[in-house]
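Participant: Okay, sequence plus prediction incoming.
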Amino acid sequence: MPRAEHSISREDISDNALKVMYRLNNAGFQSYLVGGCVRDLMLGMQPKDFDVVTNATPEQIKGLFKNCRLIGRRFRLAHIVFGREIIEVATFRGHHEDGAKDNLSKASEHGQLLRDNVFGSIEEDAERRDFTFNAMYYNVADFTVTDFANGRVAVARREVDLIGDPEVRYREDPVRMLRAIRFAVKLDMTITPRTADPIRKLAHLLNNIPPARLFEETLKLFLSGQGKDTFLALLDYGLLEPLFPQLVPLLKDSNSKEMHFILQVLANTDERINNDQRVTPAFLYAAFLWYPLEEHAQKLQAEAGLNPHDAFNIASGDVIHRQVQRIMIPKRFSTVMRDIWMLQHRLPRRFGRRAFQMLSHPKFRAAYDFLLVRGQTEGGELLELAEWWNSFQSAEPGKQKRMLTALRQKEGGSGNSNKGKPRRRRKPAQAKPQGSKDA
């Protein structure tokens, strides 16, 4: 397609991506924008990042850019770093042939590609792309767009359609099933029947994907502003169970408190993202695993005779350990998850200085937001507690003291006047002199 037949302008392309392509071209190599950035530009959307593909090898790319680092073993890539922006550059991928060296080409018994460093031509690269609308290439040298797989038709029909045999392509890389769902929700498209049909049957193949890679994929799924719709689509296609095996058994009833809680958390997260507010994956993972945690803690109390505090601590460690077998949650997030969970048991304790100490806790706001959604889901005392904290944190000091006094009187009137008060220390008994009556 010449420039007159498409809507892509250099003004909409990152200056750094243009620099990378111009330098590759000047060094005698071919270079193109490819994938999601071309698709989004064709749809009139602003891409979040720009990917470049070239016939230069990773080592040749590194030789042209001092700010280049090579990453990946399964799929060798070059990252050109410009401050906070990274331009990802890949070499044209070729077809795998029998007898190739293991360090270049290797597949598992399920057909999953474990090594994918076979280089080829642009035509072969297009055939190796996942979806038809991702096989469009923009050439900055002559401003043309080359469409190898009728991507324009897919964009016009708003369809997500795989290139090649869907079952073979999913076996090569099971993450493509997650990408199909994500693109359908993000772009408001439908998945073609031939692309959708094998997903439920092959969902179990996600168990073969490294947990660290699935962490990155789940961030894209749930932190893109359409997390709620994505979650429901994953559940419908059977893709949620390989990701969160402890959660899915609790979601059999679409009207359950567990389902309402998760959907409300996701809706709130979507709203924050779409309003350019900060979110943390820790809050989302804490929500996904909260009811599995409660269930496991109650089971430990009943079967092992543990007290509630010990059962909760052990259960939190067990639940996180089981989850990281599927999705590797970095410690910086799992620590925050534990804080949010533990504060759910401290928030009801408000007497004396505890309420003021709670306000100064660095994770108070996250724990309060978590409590609020729990209250909105379950109602009753939880909702009353959340509303109390909402009033307390915004009240003037004088009103805060009156609120605590009123709370103490209320608890006293219900026969719990000592609840939450610190115990008085007993004075040590004095030794009686020998020979006394009670000696």
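Facilitator: Arrived safely.

Participant: Please report how far the residue most central in space within the chain lies from residue 368.
Facilitator: Geometric centre of the chain, nearest residue: residue 219, 2.4 Å, by C-alpha atoms, centre = their mean. Distance, residue 219 to residue 368, using C-beta to C-beta, to the nearest Å: 24 Å. Every C-beta, even on glycine, is put in place using the N, C-alpha and C of the backbone.

Participant: and what of residue 39?
Facilitator: For residue 39 relative to residue 368 (C-beta to C-beta), the value is 40 Å.

Participant: And for residue 303?
Facilitator: As judged by C-beta to C-beta, residue 303 and residue 368 stand 33 Å apart.

Participant: Neighbour count: the two, which is higher?
Facilitator: Neighbours were counted for residue 303 and for residue 368 using other C-beta atoms under 10 Å; residue 368 has more, 20 against 9.

Participant: State the distance from that one to residue 287.
Facilitator: To residue 287, residue 368 is 14 Å away according to C-beta to C-beta.

Participant: again, but for residue 304
Facilitator: Residue 304 is 26 Å from residue 287, where distance means C-beta to C-beta.

Participant: Look at the two and report which has more neighbours.
Facilitator: Each of residue 304 and residue 287 has its neighbours counted (other C-beta under 10 Å); residue 287 has more, 22 against 10.

Participant: for the residue nearest to the centre of the chain, phi and psi?
Facilitator: Residue 219 adopts backbone torsions of phi -60, psi -40, taken as degrees, to the nearest 10.

Participant: these two touch, right, it and residue 282?
Facilitator: No - the criterion here is C-beta atoms under 8 Å, and residue 219 misses it with residue 282 at 11.7 Å.

Participant: Pull the contacting residues for residue 129.
Facilitator: Each residue near residue 129 by C-beta atoms under 8 Å, 6 or more residues apart in numbering is listed here: 34-35, 135, 148-149, 163.

Participant: First-to-last residue distance for stretch 237-249?
Facilitator: For stretch 237-249, the first-to-last residue distance is 15 Å (C-alpha to C-alpha, to the nearest Å).

Participant: for stretch 57-73, same thing?
Facilitator: Length of stretch 57-73, first residue to last, C-alpha to C-alpha: 14 Å.

Participant: And that stretch, how far out from the chain middle?
Facilitator: Centre-to-centre, stretch 57-73 and its host chain are 28 Å apart (C-alpha atoms, centre = their mean, to the nearest Å).

Participant: Stretch 301-309 now?
Facilitator: Computed by C-alpha atoms, centre = their mean, the chain-centroid distance of stretch 301-309 equals 32 Å.

Participant: Show me what counts as buried in it.
Facilitator: For stretch 301-309, a neighbour-count test (16 or more other C-beta atoms under 10 Å) marks 301, 306 as buried.

Participant: Just the residues contacting it, thanks.
Facilitator: For stretch 301-309, contacts defined as C-beta under 8 Å, 6+ apart pick out 297, 300, 311, 314, 345.

Participant: Report the mean confidence score over that stretch.
Facilitator: Averaging pLDDT along stretch 301-309 gives 89.

Participant: now stretch 317-336
Facilitator: In this model, stretch 317-336 has a mean pLDDT of 96.

Participant: Dump it to PDB, restricted to CA.
Facilitator: Once non-C-alpha atoms are left out, stretch 317-336 reads as follows in PDB (Å, rounded to 0.1, in the frame of the first residue of the first chain):
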ATOM      1  CA  GLY A 317       2.400 -18.600  53.100                       C
ATOM      2  CA  ASP A 318       0.900 -21.700  51.600                       C
ATOM      3  CA  VAL A 319      -1.400 -19.800  49.200                       C
ATOM      4  CA  ILE A 320       1.400 -17.700  47.900                       C
ATOM      5  CA  HIS A 321       3.700 -20.700  47.500                       C
ATOM      6  CA  ARG A 322       1.000 -22.500  45.400                       C
ATOM      7  CA  GLN A 323       0.300 -19.500  43.300                       C
ATOM      8  CA  VAL A 324       4.000 -18.800  42.400                       C
ATOM      9  CA  GLN A 325       4.100 -22.300  40.900                       C
ATOM     10  CA  ARG A 326       1.900 -20.900  38.100                       C
ATOM     11  CA  ILE A 327       2.600 -17.200  38.100                       C
ATOM     12  CA  MET A 328       5.900 -15.900  39.600                       C
ATOM     13  CA  ILE A 329       4.900 -13.000  41.900                       C
ATOM     14  CA  PRO A 330       8.000 -11.000  42.700                       C
ATOM     15  CA  LYS A 331       8.700 -10.600  46.400                       C
ATOM     16  CA  ARG A 332       8.200  -6.800  46.300                       C
ATOM     17  CA  PHE A 333       4.500  -7.500  45.500                       C
ATOM     18  CA  SER A 334       4.000 -10.600  47.600                       C
ATOM     19  CA  THR A 335       5.200  -8.700  50.700                       C
ATOM     20  CA  VAL A 336       2.600  -6.000  50.000                       C
END
